[in-house]
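Q: A structural model of the following input is requested.
(one chain, ligands or ions: 1)
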Amino acid sequence: MKGNRSRDTQPEVAVRSAAHRLGLRFRKHERPVPDLRCTADLVFRSARLAVFVDGCFWHSCPDHGRPPRTNESYWAAKLRRNIERDRRNDEDLRARGWNVLRIWEHDDPHHSAERIAQLVRDHSCNELAPRFGE
Ligand SMILES: [Zn+2]
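A: Here you go, the predicted model:
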């Protein structure tokens, strides 16, 4: 398996289309901050919101994320590194003034889209202010 953030997974597509139906506009598979090596699944630039749709296995969801029985220590270490990287990315993004939302692939896509819409509303109050560097 290459990489652990594969593009256009089914849960991700479901969240994107639910968000589109709510009238949300966003970019997909983009680095919120160009010099941070971190690609978000949905990026809302004006609200400075980065959304990640995390796979239950790769990101160790509390309900479904369990390392496979074979090579358990290998997987445990690998998955732990993923969690650490997720946290680091979240911190780096927040340090640059971004809002971060992580969604599990098992979450209901419509409910997730509502949460996204709420955050976009909450953080878009400066929509009419001049923006620099975009
Ligand atoms: Zn899960």
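Q: quick one: the strands in the chain?
A: Remark: strands of the chain, listed N- to C-terminal, are 27-30, 40-44, 49-54, 99-104; assignment by DSSP state E.
Q: ok, now which ones touch residue 36?
A: Contacts for residue 36 were tallied using C-beta atoms under 8 Å, 6 or more residues apart in numbering; they are 89, 92, 93, 96. (Each C-beta comes from the backbone N, C-alpha and C, glycine too.)
Q: dihedrals phi and psi, the last one?
A: As for residue 96, its main-chain torsions (degrees, to the nearest 10) stand at phi -90, psi 10.
Q: count the neighbours of it for me.
A: Here the neighbour count serves as a burial measure; for residue 96 (other C-beta atoms under 10 Å) it reads 13.
Q: I'd guessed it sits against residue 33; true?
A: Yes: with contact defined as C-beta atoms under 8 Å, residue 96 reaches residue 33; the gap is 5.0 Å.
Q: report the beta-bridge partner residues of the residue nearest the centre of the chain.
A: The residue at the geometric middle of the chain, judged as the C-alpha nearest the mean C-alpha position with C-alpha atoms, centre = their mean, is residue 52 (0.9 Å). When bridges are taken as DSSP bridges, the partners of residue 52 come out as residue 102.
Q: which residues sit in contact with it?
A: Residue 52 sits next to 40, 41, 86, 100, 101, 102, 103 when contact means C-beta under 8 Å, 6+ apart.
Q: contact residues of this protein facing the ion?
A: 56, 61, 63, 64, 104, 106 (C-beta under 5 Å from the ion).
Q: just give the closest residue to the fifth one, not the sequence neighbours.
A: Sequence neighbours aside, residue 61 is the residue nearest to residue 104 in space, at 5.1 Å (criterion: C-beta to C-beta, 6 or more residues apart in numbering).
Q: next, the contact list for the one you found, please.
A: The contact partners of residue 61, by C-beta under 8 Å, 6+ apart, come to 54, 104, 105, 106.
Q: where in the chain is pLDDT low?
A: Counting by pLDDT under 70, the chain contains low-confidence residues at 1-5, 125-134.
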